[in-house]
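Novice: Got a sequence here, can you model it:
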Amino acid sequence: MTVTSRPRKVRFVAAAFAVVFVAVFTVVAVLLRDTPTGVYFQVSDQVAMVGIGVLLACGALWLTRPRVAADAEGVTVRNLLGSTRYPWDYIRSISFPDGASWARLELPDDEYVPVMAVQAIDGDRAVATIRELRKLHRAATVTEAG
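Specialist: Numbering: from 1, shown residues only. Model (predicted):
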């Protein structure tokens, strides 16, 4: 059995913001030619405005990158800046603290790893993912102990 999850609501919001960024900066770029201020804008200025919109859209879409994938051997957590694989025997528990925005893997020595793919805003979907992750963790640790 494998479990894979990505944030759901954040994807919709980020996609909407990306479209708005590109649309607004494209409209500004088109209207940039005709200004009564006496400043002369070139085509390169218009292209730069669209480029800024695209960069902002990419930044918004970057928030959709988090993903968690788990199987019988361990769990792979991909957050905004990297991806790391953790074997189940290294993970003490999977928690979702009260008031937290996302879940986390509890590691030895009071360390933890945020799992940004499982977000509180996703509600029942996040609960189902946590249950599946805990089931895999329990199965892996029982197998090792037995």
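
Novice: roughly how far is stretch 39-50 from the heart of the chain?
Specialist: Stretch 39-50 sits 33 Å away from the centroid of its parent chain (Cα atoms, centre = their mean, to the nearest Å).

Novice: can you tell me the helix or strand for Val118?
Specialist: For Val118, the host element (DSSP states H and E) is strand 111-119.

Novice: That strand: partners in the sheet, and parallel or antiparallel?
Specialist: Strand 111-119 has the following sheet partners, assigned by DSSP bridges: strand 102-107 (antiparallel).

Novice: Tell me which stretches of the protein form strands.
Specialist: 3-5, 67-70, 74-78, 83-87, 93-95, 102-107, 111-119 (DSSP state E).

Novice: so which of these gets nearest Arg138?
Specialist: Each of the strands of the chain has some distance to Arg138 by Cβ to Cβ; the shortest is strand 93-95, at 9.8 Å. All C-beta spots, glycine's among them, are computed from the backbone N, C-alpha and C.

Novice: how far away is the residue nearest to Leu56 when sequence neighbours are not counted from Val39?
Specialist: Leaving aside its sequence neighbours, Leu56 sits nearest to Phe21 (Cβ to Cβ, 6 or more residues apart in numbering; 4.2 Å). Relative to Val39, Phe21 is positioned 24 Å away (Cβ to Cβ, to the nearest Å).

Novice: Between those two, which is the more surrounded one?
Specialist: Phe21 (20 against 8; other Cβ atoms under 10 Å).

Novice: Quick one, grab the pLDDT at the more buried one.
Specialist: pLDDT recorded at Phe21 is 97.

Novice: Lowest average confidence across the strands of the chain, which one?
Specialist: Lowest mean pLDDT within those: strand 3-5, at a mean of 89.

Novice: same for that strand, what does it pack against?
Specialist: Packing contacts for strand 3-5, counted by 3 or more Cβ pairs under 8 Å, 6 or more residues apart in numbering; DSSP states H and E, involve strand 67-70, helix 124-145.
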